[in-house]
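A.B. asks: fold the following for me, if possible:
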Amino acid sequence: MRSADTPEGAAPLERTLRESSLRVRDGIAELSHQRPAVRNVMSLELRADYIEVLELVERTPEVRVLILTGSGGSFCAGGDVKAMLSRASEPGVAAATRQRLLAVHRGWLDRLRSLDVPVIAAVDGAAYGAGLSLSLMADFVLAFTRADFCCAFARIGAVPDFGAFYMLPRLLGLARAKELAMTARRFGAEEARAMGMVHAVHAPEDLLPAAHALAARLARGPREALGMIKSSLNRSFDVDYQTMGEIEAHQQAVALTTAFHAEAAARFANRQPPLYDWG
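C.D. replies: Numbers count the residues shown, from 1 in each chain. Predicted structure coming up:
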């Protein structure tokens, strides 16, 4: 197996995990859920895969973008309801459930939200319950035309989890968040795009190529600056103006010392093509 530190143009790293697969090539990591028979439900094994992948991305500066996707026509159909039923009669189930969810937040979900590289979710088929929540942790959501979203928790008498209470109102506004969470209705890719949840909708054969094309453009950008932009915007609803001003000043002081800035500024001064241009 190759090292995770795969430079651009090198042979890709490919790894089979517990219930997912990982592929790293040209600075882009792709994590694909691989339990299509049950529509890639969020099992304990898949959670462990996320921890492993996040650790790899965090320690590998060459990885500049992370793509999340699912196999077999589903992104993630939510939690493992059969496992929930099997645990329902166990002693101390409420305390155990609380500890499992706290472990999710502390162990990897907040790390995914805060990852200092762009995260793209390429959603095909079902993104229900925890699968919907997981997609909201991405910075960009691309959806197949048949993508099917649902904040499904109330259907089984549960409350939103996997960060949905935090992310939904911030992304969509309080009224829309209440409507989706309390009705637990399904909605498609085009409605999700109209809400602002989805960045773009693609035909089936174009979804993963579009995700990789977007990832390749982002990968050419300034890794340090993009990471700090993401971090600051994630915090902007939670701190006051003065605090954001201090964060801005600190991050700019760091950004203007990077090699990317030095080369980009020199190119600008010499009227050369920019390093990073969305075109």
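
A.B. asks: residue contacts, the nearest residue to Ala210 once chain neighbours are set aside?
C.D. replies: Using C-beta to C-beta, 6 or more residues apart in numbering and skipping the chain neighbours, the partner closest in space to Ala210 is His202 (4.8 Å). For glycine as for every other residue, the C-beta is placed from the backbone atoms N, C-alpha and C. Contacts for His202 (C-beta atoms under 8 Å, 6 or more residues apart in numbering) come out as 142-145, 210.

A.B. asks: rebuild these as a markdown table, extending it with pLDDT, distance to Glu19 and neighbour count.
C.D. replies: Shown next, in a markdown table, are the contacts of His202 (pLDDT from 0 to 100; distance: C-beta to C-beta, whole Å; neighbours: other C-beta atoms under 10 Å):
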| residue | pLDDT | distance to Glu19 | neighbour count |
| --- | --- | --- | --- |
| Leu142 | 98 | 22 | 28 |
| Ala143 | 98 | 22 | 28 |
| Phe144 | 96 | 21 | 23 |
| Thr145 | 96 | 26 | 14 |
| Ala210 | 98 | 25 | 19 |
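
A.B. asks: how about residues contacting the worst-scoring helix or strand of the chain on mean pLDDT?
C.D. replies: Sorting the helices and strands of the chain by mean pLDDT, DSSP states H and E puts helix 81-87 at the bottom, at a mean of 84. With contact meaning C-beta under 8 Å, 6+ apart, helix 81-87 is reached by 41, 43-44, 93, 96-97, 156.

A.B. asks: which parts of it are buried?
C.D. replies: Within helix 81-87, the residues that count as buried by 16 or more other C-beta atoms under 10 Å are Val81.

A.B. asks: quick check: next helix or strand after that helix?
C.D. replies: Tracing the chain past helix 81-87, the next element assigned as helix or strand by DSSP states H and E is helix 93-104.

A.B. asks: doesn't Arg235 make contact with Ile247?
C.D. replies: Yes. Between Ile247 and Arg235 there is a contact at 7.0 Å, judged by C-beta atoms under 8 Å.

A.B. asks: quick one: which of the two has more around it?
C.D. replies: Ranked by neighbour count (other C-beta atoms under 10 Å), Ile247 and Arg235 place Ile247 first, with 16 against 13.

A.B. asks: got phi/psi on that one?
C.D. replies: With angles defined as degrees, to the nearest 10, Ile247 sits at phi -60, psi -40.

A.B. asks: what sits against it?
C.D. replies: 232, 235, 239.

A.B. asks: one more time with 6 Å, if that's ok
C.D. replies: The neighbourhood of Ile247, defined by C-beta atoms under 6 Å, 6 or more residues apart in numbering, consists of Ser232.

A.B. asks: with that, I have no additional questions.
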